[in-house]
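> when you get a sec, could you give me coordinates for this:
(2 chains)
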Amino acid sequence: MIQAPPAIAFDNLTKRYRNFEAVHDLTLHIEAGSICGLLGPNGAGKTTAMKTLLGFLRPTSGSVAINGAPVTSSTFETLSYVPETDALFGELTVAQHVDLNRRAQPRHDQARAEELLGVFGLDRRKRVKKLSKGQKTALALVLALASKPRVLVLDEPSSGLDPVFQRVVLDLMIDAAAEGGTVLFSSHQVGQVERAADHVAIMRGGRLLLYNNVDSLKGQEKIIEATFASAIPDLNGALRVEVVRRVEQAGNMVRISVKHDDGEIAQRLAPYNPTSIRIVDRNLEDIFLDVVSEKS
Amino acid sequence: MYYVEVLFARTRIFWFTAFALLVAAIFCYFVSFPPPHAHIRNNGQDVPFEGVLLFGGFFAMIMASIVGATLNRDGAHLAYMWTKPVSRERIAFSYIIVDVLTILASFGIIVGICSLVLAIPPQNHLTFGSDDGIVLARALVIPLMLYGIIEVSTSWLSTRLSAANGLIWPVGLAIQFLAMINLPFPLAQIFNAINIFNPFAYGLSEQHGHIASHVASDSPYLPFDFTGQTILAFCIFVACCVIATYNWKRMQA
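Model prediction:
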């Protein structure tokens, strides 16, 4: 059986600006129907990678593809992009932007556009220059989603939005993926990626440090929380094993980050008589901080 | 994709026409009701149509400066425009077409208003000559060339270069001046060569009484005869648009 090509593919992509390498040898394949959150500190290369994917920047080496094909103007019939910066026309009204989208996008759905304008409470008659930053982001999202894209690329999509609309944006991305679309979005907010994404890619200094399924990542590593009745005893001897990544103490509780928990740590803690031992999945923020600090 | 540019052009044409009509109305008023002791006479004169065409050409150059640098201006919106299923060449072409039509419309508006103003006092009348055709071509091609030069000089960068629209006037006039004075070798040759790409060098700056007498003569600062220069200016305009489109298409944003 022939396997379908990934919806979004970066293959050994490198982008260099004179002496500065913004993206180094990035290989990342995102399968159709997936939501991939791209995390990384400022200057990680997230926006450069996205811009190269969309053809705004030429790769220094390597290649990018959408559904197995190079990006051309016809790619944008099924691909929508929401940029980080405001790219709309300040002098035009919200309605004129929707009209432009209707003329330029064969898949534009006017009913969907109207519905989304209502969701974000955007006034059709208002000029874009009179909109707040969050409203501009919302309009860019409306235009992107009204084209019913199969691939959606969003650079900081919740930038400037209040928490209610941030939640709406995440729900819209989840809906898009549920309908078979593929979503790649960058964010500084780990919580957003954790809530919406099924896969996470972590970049730093232009390099991809990690790409994995969010659930399996969180399941791979555990946190063991042990609470003691009085002061925490000296556990150094018990925790000097390879699976322990980090130990944090807070009051009477000790949090131990471990790889591949097989019950060994709990057994080692038992002689110290903890009042409770709880084993929980690590959250994405812990994983992100570990990965970024570990590889620095 | 011409939709955005048409919306902008509509606004520009509206204000341009409103301003031209206002100036024409003021002119008509003062000619019809001259203030006491004013030396305004309206005693019936022949007005050569060539003059009206050149006047229209001058205002079309102003419009060319206003609409110029379209591709550069769009740099701020590339993330939006380049993610439409339309080729970049087609986007650029639609912008340029609308801009060219705007320039031609502004020329037509000025020529129309001037002709109307001159026709209002019945004793004045426009006179037409055999050179009107080539003067019309020249009056149209200079603003187009100016537009092309602005486009090509600003299309290679996504950073806004709006100052180019205004700067081209003093720079163009300075180059024309430097080409006219007797500079030593090789400066004279350099400025004469640069001047070929200077739209202001193609203007009809010298007056020998009747405009047609100058039109018939050739500019000593440019190669070819008058018709050849007009064709050259048009070719430069076309080449500038092609190069500007190529630059813009290859730009990294």
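
> in stretch B:242-252, what's buried?
For stretch B:242-252, the neighbour count (16 or more other Cβ atoms under 10 Å in any protein chain shown) marks B:242-248, B:251 as buried. For glycine as for every other residue, the C-beta is placed from the backbone atoms N, C-alpha and C.

> and it, average pLDDT?
What stretch B:242-252 shows for mean pLDDT is 92.

> gap between it and the chain center?
23 Å (Cα atoms, centre = their mean, to the nearest Å).

> one more: stretch A:188-198?
6 Å.

> kindly report the same for stretch B:61-78.
Relative to its parent chain, stretch B:61-78 has a centroid offset of 14 Å by Cα atoms, centre = their mean.

> just give the closest residue to residue B:140, not the sequence neighbours.
residue B:107 (6.3 Å; Cβ to Cβ, 6 or more residues apart in numbering or on different chains).

> same question for stretch A:273-281: list its buried residues.
So stretch A:273-281, judged by 16+ other Cβ under 10 Å, has buried residues residue A:274.

> so what's the gap between that stretch and the chain middle?
In terms of Cα atoms, centre = their mean, the centre of stretch A:273-281 is set 31 Å apart from its chain centre.

> same check on stretch A:113-122?
24 Å.

> name the surrounding residues that touch it.
A:94, A:98, A:101-102, A:124, A:131, A:135, A:138-139, A:141-143, A:145-146, A:165, A:168, A:172 (Cβ atoms under 8 Å, 6 or more residues apart in numbering or on different chains).

> go through that stretch and flag the buried ones.
A:113, A:116-117, A:119-120, A:122.

> helices of the chain, residue ranges please.
Using chain A here. Taking DSSP state H, the helices of chain A run over residues A:46-54, A:94-104, A:110-120, A:133-146, A:163-178, A:190-196, A:214-220, A:236-239, A:264-269, A:284-294.

> can you look at chain B instead?
B:2-32, B:49-67, B:70-73, B:78-81, B:88-119, B:132-154, B:163-180, B:187-195, B:211-216, B:226-250.

> now those in a markdown table, with distance to residue A:231?
Output for the helices of chain B, formatted as a markdown table (distance: least, Cβ to Cβ, whole Å):
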| stretch | distance to residue A:231 |
| --- | --- |
| helix B:2-32 | 69 |
| helix B:49-67 | 78 |
| helix B:70-73 | 68 |
| helix B:78-81 | 57 |
| helix B:88-119 | 69 |
| helix B:132-154 | 71 |
| helix B:163-180 | 70 |
| helix B:187-195 | 85 |
| helix B:211-216 | 103 |
| helix B:226-250 | 68 |
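
> and the stretch 1-150 of chain B, which residues reach chain A?
Residues of the stretch 1-150 of chain B lying close to chain A by Cβ under 8 Å from any Cβ of the partner chain are B:1, B:3-4, B:7-8, B:76-88.

> least reliable of the helices of chain B going by mean pLDDT?
Minimum mean pLDDT among the helices of chain B: helix B:211-216, a mean of 46.

> how close does residue B:56 sit to residue B:143?
Distance, residue B:56 to residue B:143, using Cβ to Cβ, to the nearest Å: 9 Å.

> how about residue A:192?
52 Å.

> more neighbours, the two?
The residue with more neighbours, out of residue A:192 and residue B:143, is residue B:143; 28 against 22, by other Cβ atoms under 10 Å in any protein chain shown.

> residues in contact with the more buried one?
Contact analysis of residue B:143 by Cβ under 8 Å, 6+ apart lists B:57, B:60-61, B:63-64, B:103, B:107, B:199.

> rerun at 10 Å
Neighbouring residues of residue B:143 by Cβ atoms under 10 Å, 6 or more residues apart in numbering or on different chains: B:56-65, B:67-68, B:100, B:103-104, B:106-107, B:199, B:237.

> now it: how far from chain A?
Between residue B:143 and chain A the computed distance is 24 Å (Cβ to the nearest Cβ, to the nearest Å).

> again with residue B:63
Separation of residue B:63 from chain A (Cβ to the nearest Cβ): 18 Å.

> now do residue B:119
Taken as Cβ to the nearest Cβ, the span from residue B:119 to chain A is 37 Å.

> swap in residue B:33?
According to Cβ to the nearest Cβ, residue B:33 stands 40 Å off from chain A.

> again with residue B:6
From residue B:6 to chain A the distance is 11 Å (Cβ to the nearest Cβ).

> give the contact list for residue A:177.
Neighbours of residue A:177 in contact, by Cβ under 10 Å, 6+ apart: A:32-36, A:152, A:183, A:196-198.

> apply 8 Å and report the result again.
Contacts of residue A:177 (Cβ under 8 Å, 6+ apart): A:33-35, A:183, A:198.

> Throw the residues you listed into TSV and include pLDDT and distance to chain B, thanks.
Below are these laid out as TSV (pLDDT from 0 to 100; distance: Cβ to the nearest Cβ, whole Å):
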residue	pLDDT	distance to chain B
A:33	92	21
A:34	95	21
A:35	95	20
A:183	95	15
A:198	94	24
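
> touching stretch B:235-246 from outside, list them.
Under Cβ under 8 Å, 6+ apart, the answer for stretch B:235-246 is B:71, B:88-89, B:92-93, B:96, B:141, B:144-145, B:147-149, B:151-152, B:155, B:196-197.

> now restrict those residues to buried residues only.
By neighbour count, with 16+ other Cβ under 10 Å, these hold B:71, B:88, B:92-93, B:96, B:141, B:144-145, B:147-149, B:151-152, B:155, B:196-197 as buried.

> farthest-separated two in those residues?
For the buried ones among the contacts of stretch B:235-246, the maximum inter-member distance is 29.3 Å, found between B:88 and B:196 (Cβ to Cβ).
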